[in-house]
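Colleague: Need the 3D shape of this:
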Amino acid sequence: MTDGNYNPPAEEPAGYEALPGSVKSRWENNEYYIEGFSDHPWYPIIKRTHEAIKKLVPNYNISQIKSKFGGLRYYVNLPRVIEPKEGHTTEEIKDRIDNLILYARAWVDGFEHARKAQGKQGKE
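Modeller: Model (predicted):
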């Protein structure tokens with residue numbers, strides 16, 4: 001971890017046991033984290049982004065999802081080794097993930113813009 005980047009292991013260490021009442025593994029925790037947004041207006045795009053990334057890298061880990069300056073921020077950790085899927089190289093997979101996150105951010109920007117515009121129309 002000397003380069004400042006942390007990459008989680010591909011699977012839980014041998015002998016790992018979850019604490020009572022907690023989610024068994026960090027990868028299952030992604031689902032729990034996503035469902036925490038189920039009442040949020042951004043939930044559909046967050047869920048679609050998660051499902052699309054999970055198809056590319058099933059054991060990726062969500063670092064954080066948040067709103068910052070009215071926009072979506074979706075941060076992920078990828079394992080050190082990414083198995084190529086459907087003939088794509090590791091770099092192509094990383095590029096596809098970046099594009100999925102950029103699309104989600106653009107969707108939220110458009111959604112928020114539409115909500116503000118709708119609010120202004122209601123005041124006139």
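
Colleague: a helix runs through Ala114, doesn't it?
Modeller: Yes: the assignment for Ala114 is a helix, going by DSSP: H, G, I helix; E, B strand; the rest coil.

Colleague: What is the neighbour count of it?
Modeller: 10 (other Cβ atoms under 10 Å). Placement of C-beta: from N, CA and C, glycine included.

Colleague: got it, and Asn61?
Modeller: 20.

Colleague: what pLDDT does it get?
Modeller: Note on Asn61: pLDDT of 88.

Colleague: Beta-bridge partners for it, please?
Modeller: Note on Asn61: beta-bridge partners by DSSP bridges are Asn77.

Colleague: Can you tell me how far it is from Lys68?
Modeller: 20 Å (Cβ to Cβ, to the nearest Å).

Colleague: now swap in Lys94 and tell me
Modeller: 22 Å.

Colleague: Low-confidence stretches in this protein?
Modeller: Counting by pLDDT under 70, the chain contains low-confidence ranges at 1-28, 84-86, 120-124.

Colleague: all strands for it, in order.
Modeller: Using DSSP state E, the strands of the chain run over 61-68, 71-77.

Colleague: Most tightly packed of these?
Modeller: Of all the strands of the chain, strand 71-77 has the most neighbours on average by mean count of other Cβ atoms under 10 Å, namely a mean of 16.

Colleague: Please export the C-alpha coordinates of it as CSV.
Modeller: What follows is strand 71-77, C-alpha atoms only, in CSV (Å, rounded to 0.1, in the frame of the first residue of the first chain):
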residue,chain,number,x,y,z
GLY,A,71,-24.3,16.0,-8.6
LEU,A,72,-23.7,12.3,-8.2
ARG,A,73,-20.4,10.9,-7.1
TYR,A,74,-19.9,7.2,-7.5
TYR,A,75,-16.5,5.9,-6.2
VAL,A,76,-15.4,2.3,-6.7
ASN,A,77,-12.4,0.0,-5.8
